[in-house]
Structures are given as C-alpha cells and as structure tokens.
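> the following comprises the amino acid sequence and a computationally predicted model.
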Amino acid sequence: MKSSAQVVVIGGGVVGASVLYHLTEFGWTDVVLVERKELTAGSTWHAAGGMHTLNGDPNVAKLQQYTVGLYREIEQRSGQDCGIHMNGGLTLAGDRERMDWLRMAQARGRYLGMDMEIISAAEARQMFPLLEEQYFIGALFDRAEGHVDPTGVTRAYAGCARQAGAEIYQHTWVSDLRQRPDGTWDVITDAGEIHAEHIVNAGGLWAREVGRMIGLELPVLAMEHMYLITEDMPEVADYKAATGHELPMAMDFDGELYIRQEGGGMLLGTYEQACVPWSPRETPWTFDQQLLAPDLDRIAPSLEIAFKHYPALASVGIKNVINGPFTFSPDGNPLVGPVPGVRNCWVACAVMAGFSQGGGVGLTLARWMADGDPGEDIWAMDVARFGNWASLAYTNAKVRENYSRRFRITFPNEELPAGRPLHTTPVYDRLTAHNAVWGAGFGLEHPLWFQRPGSEPREDVTFRRSNAFPVVADECTTVRERVGLTECSNFAKYRVTGAGAAEWLQRLFTNRLPRVGRINLTAALEPGGHIVGEFSVARVGTDDFFLFGSQIAEAHHSRWFLGHLADGVRFDVLGLSLVGLSLAGPGARDVLQSVTGASLATEDYPFMTFRRIDVGMIPAYVGRMTYTGDLGYEIWVTPEYQRALFDLLWQAGQPYGIGLFGFRALMSLRMEKMFGTWAREYRPIYTPVQARMHRSLKCDHDFIGRAAVEAELARGPARTLGYFDITPDPAEPADVLGDEPIWHAGTVVGWVTSGAYAHYSRRSLAFGYVPAELAVPGAMFEVEIIGQRRPAILLPEPVLDPAGQRMRA
Ligand SMILES: Cc1cc2nc3c(=O)[nH]c(=O)nc-3n(C[C@H](O)[C@H](O)[C@H](O)COP(=O)(O)OP(=O)(O)OC[C@H]3O[C@@H](n4cnc5c(N)ncnc54)[C@H](O)[C@@H]3O)c2cc1C
C-alpha cells in the first residue's frame, strides 16, 4: 500500500469508483481508493440498476444524461461488461396533474436535447402490453432509459481508473482521519496509514460515520427499499418473440412503483408510504453485503395497485424479494463538493440513484478538485445547501417524507411539512396571528402571504394560479399605493471587519466599494468569470461592512469567502443574530419618520444610505432600499428587539393604511422592476455580462474574474438575460414556474429562469436566457407553459417605473 497519495477516496461503491475514474480523467493519477470489503459491498451490489434522465431539476437531468451516455465508453475501455439494456422507459400518468408534470418535464428536456415523447395510453400499452390501459391517460417515453449491471459498472469505472494509474485497496478499513496543520490528512486504515493531500468521503451507507471521524454530522439517512423479481412470464416471452426486444421500463406514479423486465420475468420496486429508515443513528461496521428481511405487508398497498394496473402479475410466482438499504439527503439530491469549513475534505454521498447520477457526480467532483470549479450548475447537489440545522432528527423527518413522495408531484407552490417549523424569528407568532401562510428556506420559516381574516391560512397546490392570487394582488397594491411591512430576516447576513477588510473585499467584488454610510450592489466571480454570488454591501466604517445575500446560499457563500480570507480580516456569518423588517411603499418614510428622531428627508437620508439610528427606543441599522423597487427601508436589529419593532411600526403605520405582505408579493413586485434573483437569474453557470449586471461591474479595479469579464465584453456574450411579457392562455391562465423552454422561429433557443404574475402592472412576466443576437427589444418569442406555447415579447426595460424614481423619491 502506498504511504502517500494526492487523493484518498473512501468507499468502493459505484460513486467512489466513478470519482476515482474521473480524477484520472482530469490527470490526477496519484490517487487511491480504499474499500473496507470488496467493491460494491455497500448498497451498490443489490441495486436494481435502473437508470433514467428524467429529473425535476434540469441541471441534475443533464448530469444524468451524461451518466447514462458514459456506460458504453467505460465498458469498451475497461473490457468489463456493464450489462447495458437500453430498453427505453415510460413514465405513466393517471390524472391531469401528472400529465401536466410530464409535459413540463418534456419541455424542460427540450433545451437539454433530450428526445422524449408524449404518447397516449393506447400507445403506451402497445409498448408495454402488461399494462391495463383504463388506469392511464398518457405517458412520457424516453429512449435514454434502461438498466445496467451494478457490479459490472463499478468494476468498469475501477478498471479504467487502474489503467490510468489509480490504485485500489480492498479489505482495507479507514478507521480514522486526522488533519495536519497544513491541511493534509493522515488516513488511518487497518493496513497502515496514507498521507493524503485530499480526502473524498464516498462512504455510501457509512458516509455519516466517516463524517463523524472528523466531527461532521452529514445529513444522510439510509432507507429500506424493496423490489421483487417474478418467475418467468409467458407474456414476456411472447413480447420478445413478437418484437425482438425487451420490454421498456415503466414508472407508475399511482402505484408508487417501477417495473421492468428481468430475464424472463419482471422486476417490481416500490416507494411505499409506510417507509422505514435503516440504522437511523449509526450504521454498524459489521454490516457486510447483507440483505434485510423482506416485509411484503409493508408494500401490500402498492402491490394491490400493481395487480390492478398489470393484471398478469397477479398470477405469477415471486422468485426473489430484495430488501436493502440505500441513502438519501433531506431533499433527495446527492451531497457533493468541498465540506464547508474543512480544508481538502470532499464528499460524494447520499446518491440515491447511483446508476443515473454516479457518472455526473464523479465528473463534477473531480473537476471541482482539479479546476477549483465544478464546471456545471450543481447547485442542487452542493453539500453547502444544508447548514448545521440539518440535524439527525431533521434529516430523519425529511428523508422519510421525501422517500414516501418519490412518485408524488411536488407542486411549485407546495411547502412540505416535515421537520417544520424549526427556525423561527421572534415575530413568528405575531405574523401567525395575522394569518401568515409559511414557507421555509434554509431551515427558516418566512411568510409567503397573509390569508384574509377568518379564512384558513392554506394554499391550494397547483401548476396554475392558486387561491393566493387575489390576496397577493391586494398585498402588491398595498405596497405600491400605501405602505407594506414584511419580514426580511431570510437574507444571509455577514459582517466583515478588521484591518485590510476593504482591500480584501475590493479584490473579491466586481463593483467599487461604497463610501461609509452607503450601500451598493455587487457580484463576486470565480477566475473564469462565472457568478459566485451577488450581494448588497453596506459600509459602516473604513474596514467595517455588512454583506447581505441569498439565504439559501449562506453556507455556499461563506465557504467561498472563508476559502479566500486574508490575514487580519474577520468574516462572521450573522445568521439569526441579526433579523429584519422591511417597510416599502410611498408611505414608508412617513411611517418610519414618525418613530425616529433621525431625519429621513431625501437630502439627509438618500436612496442607498445605511446608518445606525434609533427607531423608537430600538438601536437599528437602517438601509434605505427594498427589493420591491419602491421607496423603502430595511431595518436590522438584534432578535430581542424584533417584536417591539414590529409592534411599533404596525402601530405607527395605521394612519397610513399599512398592510402586511409576504414573499409571493415580493416576487411579483421585483418582477415588474426587472430585479433578478440568486439561484435563478444569477447562478454559477452565468457571467455578469450575460446576466446584464453592468451596473455592478467596474473594471477600473482588480478583482477575481476581471480578465474573463473584459474578454467577454470585448467579444460580446453568446447569450443574454431577456425580460419577457407573456400572453397567458385566457381560458386557463398560468404563469411561468422556471425552466420552461423559450422558442423562436420554431426552435428552442433558451430557457426561463424565473417569473411571476406582476399584479400591480397586470402582466405575466419572465426572465430567461436567449442567444444575444436574438435579444432585440420587441422581438417575439414563445414560452412553453404546461405544454402550450404562449407568445412572449422581449421588453427593453422594467414595466414599472423604468427610471427608478419611486425608490429615490
Ligand atoms: C434495493 C435497492 C434497489 C436500488 N435500485 C436502484 C436502481 O434501480 N437505480 C439506481 O440508480 N439506484 C438504485 N439503488 C440505489 C443505489 O444502490 C445507490 O444509489 C448506490 O449504490 C450508491 O452508491 P455509493 O457508492 O454511494 O454507496 P455504497 O454502495 O454504499 O458504497 C459505499 C462503499 O464505501 C465503503 N466504505 C464505507 N466506509 C468505509 C471506510 N471507513 N473504509 C473503507 N470503505 C468504506 C463501503 O464498504 C461501501 O462499499 C438501489 C438501492 C437499493 C437498496
């Protein structure tokens, strides 16, 4: 065994093997994989090996597409048979909502080049004669689906990696991990120690335990999962004889099951409601290529539906029942990337669909390690999307919810209840008393909208307009015509202090730093010029700054800041030690002025001012800005003052017709002001030039990514962010949800990033990226919303107050 290596990958399941292979592809050949038993000994060996490209997140779908396409190549290069069966797959819909979902999935797939087809139930039956047509109304057919041999694939990755110089040590258990002061690692195994520059935790069923070796509690939980294999069936043989090929796979939402051919019989797996976590607190190291006891009673409700939907199954014997554990994160997506706060420590775990996702996970992690950037938009898989709040119990609640909803639709306006409320701010009860409908982001509850008194604070879930629509319209009117109050604690807040803080930030940010007492907007880039984040920067002293950014990216952004930290500078994540309320609307100044001695007249307190003032008796930092685009103030206080602040402002606002507004109204208001948002318009795959962040780009100082920005400015961006006014279907109006394809002259040329109905302007608006040469004001496009192509005109400027006079009034 080597005593040193550049990388030690811990775990020889399909994911670890893929990471190892991809590291060698990026030229890192001094790499080893350590496996406690044999390759595949965790959850990999007993997997059903199914693979597909369909995913709710198009960026994850793209990585799945890559994975599925990789198998022929590694098979050929390694000489190891991967058992590839590309039989295609049907996703069956039994009702209108599911059909809508499939139409949207097909639409999303268009700009990824996916070849998916919507077909009728009769056509689905022709392809899959076992199904009973009456239970379905249609299906999505995807040619890029099938199944592989799990062991063959893992060995093929390993074989390719070995050919490139990687070494694999089986029957070698990593029992401890110790970091040296220089950030390198001593990997302690039962066969000796390896000194490694980097470690990768690909421990699968034991990823949590490997994390604990360095004091890390990863949000991962294993669930029991069952599939059964039938005896050979004459229907299967007849199909083969008639068509010359195998049956496609089928996913059946109603039965919460998947079904595919296995030899001469069928394999049927379920995501049952009565799901059961496995080893919820600790995975035993003694568990070794074992199966769990089958429990057919638990999956009986799904089997009952299966016998109805596929009657031939009812009369065939069961040859084998497999019950095995595999891991999930709280939202069902993998955990990938550098662990925040731990140098040279990477994870690739919680991969619940290793045969659809393992290749993409390996590719992006290896590129991240080699190039410092994952190269793809892997926001949905970044380990930093969870904070410390994702505790063991939270993970348990969320994973069970997620498992049981595997084949359920999660509507875009749906807020799933498990593990909530967890984080609340002091005004939570006040806002609940005002009939708030709550959502959660990064663990924190935030008000979405305020139901009318006497009605139940509940939103109907839908792809179209919900019962919130008229209420949110009223909230928007309140803000635009009188004054609205909302909570704004759900920003990430950071404080940067210490000698050299200004110099350090200036090197990170694309905009010049504001003067003391002022705020401005800025972006941070990686060296290739892609957006790492966008922030409001408030300066309270020469070397004293508050930064405000997207809350869901708090761990992601703080990992980046801390990774670049300069000596003498202090970077603090403020979290809920700073909470806020925001006043917005033409009456905002009058309300606030009535409770503070500081002059808020524009000449004394102009737009983008940020100062420490007293509001009533409450010490606060007050920024004159709001995301609504109206006259407004964000008022930041320590938590013990937030309730008093709320009561004070609410009382003071009564003569001015104050009303509460929530996140849904904010999203509507920001759309008509053409304000983009993090994780939609601004993501790590876009550049500030493409995103039209020109006001935050000042190339007169040195910042990370500047050379790339200048080069792009010189040659012009290939694509650009467009702002569209859409004509919805008058019979059944629906607004964009995000990720819809944008058509131009009969072809798909781009995709929607986000949008909303702008209630005050009465327009359905959207943002989306399109080729720069097409982004001409007035140009006509179509946006495909729930299967319908709707006209969309590209607008040159915000539909409301393009000169920005309201904010500056
Ligand atoms: C019944 C069932 C059916 C499934 N069907 C499908 C399917 O059809 N399609 C699909 O895509 N997915 C399926 N899966 C899921 C799939 O199995 C997983 O996504 C995949 O196996 C995850 O691989 P992994 O490498 O992350 O983890 P694992 O396979 O668990 O590998 C982790 C490895 O790390 C090793 N290890 C851990 N700790 C240490 C240590 N300290 N030292 C050394 N070695 C260590 C372990 O021994 C293990 O071999 C199924 C799972 C089950 C249970």
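Cool, the structure landed.

> against which helices or strands is the lowest-mean-pLDDT helix or strand in the chain packed?
Between all helices and strands in the chain, the lowest mean by mean pLDDT, DSSP states H and E belongs to helix 96-110, at a mean of 90. The contact analysis (3 or more CB pairs under 8 Å, 6 or more residues apart in numbering; DSSP states H and E) places helix 96-110 against helix 58-78, strand 89-93, strand 116-119, strand 138-142, strand 741-744. Backbone N, C-alpha and C define where each C-beta goes, glycine included.

> do you have the helices of the stretch 501-650 of the chain handy? List them.
Remark: helices assigned in the stretch 501-650 of the chain by DSSP state H, counting those that start in this stretch are 501-508, 554-563, 588-593, 642-653.

> what does the first one rub up against?
I take that to be helix 501-508. If you take CB atoms under 8 Å, 6 or more residues apart in numbering as the criterion, helix 501-508 is touched by 496, 512-513, 524, 537, 542-545, 561, 564-566, 569-570, 701-704.

> one more pass at 7 Å, please.
The contact list for helix 501-508 (CB atoms under 7 Å, 6 or more residues apart in numbering) reads 496, 513, 524, 542-545, 564, 566, 569, 701-704.

> pull out the buried residues from the least confident helix or strand of the chain.
Residues of helix 96-110 classed as buried by neighbour count (16 or more other CB atoms under 10 Å): 98-110.

> compute the inter-axis angle for it and strand 138-142.
20 degrees (axes from the mean of the first three to the mean of the last three CA atoms, to 10 degrees).

> I'd like the numbering to begin with 40 instead of 1 from here.
Yep, numbering from 40; the last one is helix 135-149 now.

> using PDB, write down the CA coordinates of helix 135-149.
What follows is helix 135-149, C-alpha atoms only, in PDB (Å, rounded to 0.1, in the frame of the first residue of the first chain):
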ATOM      1  CA  ARG A 135     -54.300  15.500 -15.400                       C
ATOM      2  CA  GLU A 136     -51.800  16.900 -12.900                       C
ATOM      3  CA  ARG A 137     -49.400  14.100 -13.700                       C
ATOM      4  CA  MET A 138     -49.900  14.600 -17.400                       C
ATOM      5  CA  ASP A 139     -49.100  18.300 -16.900                       C
ATOM      6  CA  TRP A 140     -46.000  17.400 -15.000                       C
ATOM      7  CA  LEU A 141     -44.900  15.100 -17.800                       C
ATOM      8  CA  ARG A 142     -45.500  17.800 -20.400                       C
ATOM      9  CA  MET A 143     -43.400  20.200 -18.400                       C
ATOM     10  CA  ALA A 144     -40.600  17.600 -17.900                       C
ATOM     11  CA  GLN A 145     -40.700  17.000 -21.700                       C
ATOM     12  CA  ALA A 146     -40.500  20.800 -22.300                       C
ATOM     13  CA  ARG A 147     -37.600  21.200 -19.900                       C
ATOM     14  CA  GLY A 148     -35.800  18.400 -21.700                       C
ATOM     15  CA  ARG A 149     -36.000  20.200 -25.000                       C
END
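
> just the angle between it and helix 97-117, please?
60 degrees.

> next, the angle from helix 135-149 to strand 128-132.
Using the same axes, to 10 degrees, helix 135-149 lies at 140 degrees relative to strand 128-132.

> strands paired with whatever helix or strand residue 806 lives in, and their directions?
Residue 806 belongs to strand 802-810 when assigned by DSSP states H and E. Sheet pairing of strand 802-810 (DSSP bridges) gives strand 758-765 (antiparallel), strand 786-797 (antiparallel).

> nearest to residue 85, out of these?
For the strands paired with strand 802-810, the distance to residue 85 is smallest for strand 786-797, at 37.8 Å, taking CB to CB.

> what about the protein, any weak spots by pLDDT?
Along the chain, no part satisfies pLDDT under 70.

> name the SS class of residue 447, please.
coil (DSSP: H, G, I helix; E, B strand; the rest coil).

> repeat for the one 10 residues further on
Secondary structure assignment for residue 457 (three-state DSSP): coil.

> I'd say it and residue 436 touch.
Yes - here residue 457 reaches residue 436: they are 4.3 Å apart, a contact under CB atoms under 7 Å.

> still on that earlier bit, for residue 634, find the nearest of the strands paired with strand 802-810.
It's strand 786-797; of these, that one is closest to residue 634 (CB to CB) at 31.2 Å.

> tell me the secondary structure at residue 756.
Assigned with three-state DSSP, residue 756 falls in the coil class.

> verify the stated contact: it with residue 812.
No - judged on CB under 7 Å, residue 756 makes no contact with residue 812 at a distance of 10.3 Å.

> neighbour count winner among the two?
Neighbour tally, residue 756 and residue 812, criterion other CB atoms under 10 Å: the higher count belongs to residue 756, 19 against 10.

> OK, contacts around that one?
726, 728, 729, 811.
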